[in-house]
Every structure is written in structure tokens, then in C-alpha cells.
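# test case, fold it:
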Amino acid sequence: MSNNTHSTAIGYILWIFGFMGAHRFYYGRQITGTIWFFTLGLFFIGWIVDLFLIPGMDRDADERYVPGDADYTVAWILLAFLGVFGIHRFYLGKWLSGIIWLLTFGLFGFGLLYDLWTLNGQVSEHNRSAA
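Down below sits the predicted model:
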């Protein structure tokens, strides 16, 4: 039985903005998330196809990432709405980098890009070390 680390409902909500790759980043598919971002969801065709692929992406993420006290959905919401202030980093107990993000608006945007690529891994690492 797999752990429920990611939410299918959140995946579908993010799919609404899927032409920008949001749901793909959420499920840990950074390369295709980046491609979707720069091609508007493969010219909207990939975006439509993803409507049917989200349940599989959710299952894969549930098997791939470590569950624990830090919630993936909370971390992603904090990154999406307060990422430039480093709130998602404070949530994961990364106080020093959180302060740096806070003082530099997400390390001048480059830190936010880094976090889009690595947030699932950061949450897994936090959950692994907290166990």
C-alpha cells in the first residue's frame, strides 16, 4: 500500500494552471514541468492530455516521496504564495536559508526556481530526518 503524500484534488486544481507546469512540478516532474512552462503545456495539447494522467502522476508521487510530519501540499502552497519570503523554508526548519530568502526576495528569483525543482526532495529529506 502506498503512502498518500500528494493530493489528487490539489493536482487537478493545479492542472487549471497546468499550461504553466504547476501540477507537474507538484508531482515531482521537473523536466516536463519546465517544458510545459516554456511551451504553454506543449501548446495546450499536453495540458489536455494531463487531465487523464493526473491519477497516475499522483500514484507515482505517493510511491516516490517519504511521508512524515511535513506535508507536501502545505509546502507547495507556501512556496506558491509566499515563496519570495521563504515561508516554505521556515516550514521545513531551514531557518538560515529562510532568512536569506526573506531578505533577498527568494534569492532574487533564482532560489524560487531552485525550489520548484527540489521542493519534493526537500520535504522528503525533512521527513526522513524527522523519523
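# surely residue 30 meets residue 114?
No: if you go by CB atoms under 8 Å, residue 30 and residue 114 don't touch, sitting 10.6 Å apart. All C-beta atoms are positioned from the backbone trio N, CA, C, and that covers glycine.
# look at the two and report which has more neighbours.
residue 30 (17 against 13; other CB atoms under 10 Å).
# how close does that one sit to residue 45?
With distances defined as CB to CB, to the nearest Å, the gap from residue 30 to residue 45 amounts to 20 Å.
# for residue 64, what are its contacts?
28, 120 (CB atoms under 8 Å, 6 or more residues apart in numbering).
# next one: it from residue 116, what distance?
Computed as CB to CB, the residue 64 to residue 116 distance reads 17 Å.
# now do the helices in the protein.
In the chain, the segments counted as helices under DSSP state H are 8-15, 22-26, 30-43, 45-64, 72-82, 87-91, 95-108, 110-130.
# so what secondary structure elements neighbour the third one?
Spelled out, that is helix 30-43. helix 22-26, helix 45-64, helix 110-130 (3 or more CB pairs under 8 Å, 6 or more residues apart in numbering; DSSP states H and E).
# just the fifth one next, same as before
Where contact means 3+ CB pairs under 8 Å, 6+ apart, helix 72-82 is packed against helix 22-26, helix 87-91, helix 110-130.
# could you report the separation of residue 4 from residue 40?
When CB to CB is the yardstick, residue 4 and residue 40 sit 31 Å from each other.
# swap in residue 112?
20 Å.
# of those two, which one has the most company?
The residue with more neighbours, out of residue 112 and residue 40, is residue 112; 18 against 15, by other CB under 10 Å.
# for that one, which non-adjacent residue is spatially closest?
residue 106 (4.2 Å; CB to CB, 6 or more residues apart in numbering).
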